[in-house]
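Participant: Predicted structure and sequence below. I'll ask about it afterward.
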Amino acid sequence: QVQLVESGGGLVQAGGSLRLSCAASGRTLSSYNMGWFRQAPGKEREFVASISRSGGSRYYADSGKGRFTISRDNAENTVYLQMNSLKPEDTAVYYCAASSSLAVLAVMTTAGGYDYWGQGAQVTVSS
């Protein structure tokens with residue numbers, strides 16, 4: 001089992017940047033594909049980005065392409081989400097998640113494909 005803790009959320013103006021971190025404990029993070037999801041008030045949780053166990057493959061939702069970058073440091077047991085050019089519509093609680101699935105990243109865009117979740121980090125983008 002793995003425990004995930006997000007950090008780095010906060011309030012930022014439109015056009016600004018934030019970097020979210022997801023620290024894992026309990027099991028080595030390299031055992032899992034990792035993903036970031038977000039959930040805005042009144043909306044369903046939606047996929048943001050995912051990264052393979054080695055970090056060699058990444059997949060992004062259209063909403064974040066060109067603005068968001070997912071990365072990982074397996075030695076530090078941490079996954080990151082760098083968010084640039086933030087927009088008010090990026091406001092949400094951001095969750096990291098771990099998946100033991102062997103499926104390709106392109107199909108791992110639903111919450112049901114992930115086994116473990118963090119508690120979430122609030123990101124608020126003001127206009």
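Facilitator: Happy to help now that I have it.
Participant: The residue minimising distance to the centre of the chain: helix or strand, and which one exactly?
Facilitator: The centre of the chain sits closest to W36, judged by C-alpha atoms, centre = their mean, with a distance of 2.0 Å. When elements are assigned from DSSP states H and E, W36 belongs to strand 33-39.
Participant: Give me the mean pLDDT for that strand.
Facilitator: Here strand 33-39 scores 97 as its mean pLDDT.
Participant: can you give me the strands for this protein?
Facilitator: 3-7, 10-13, 18-25, 33-39, 46-51, 58-60, 68-73, 78-83, 92-99, 116-117, 121-126 (DSSP state E).
Participant: What pairs with the strand holding W36, parallel or antiparallel?
Facilitator: Strand 33-39 pairs in its sheet with strand 46-51 (antiparallel), strand 92-99 (antiparallel), by DSSP bridges.
Participant: Thanks a lot, catch you later.
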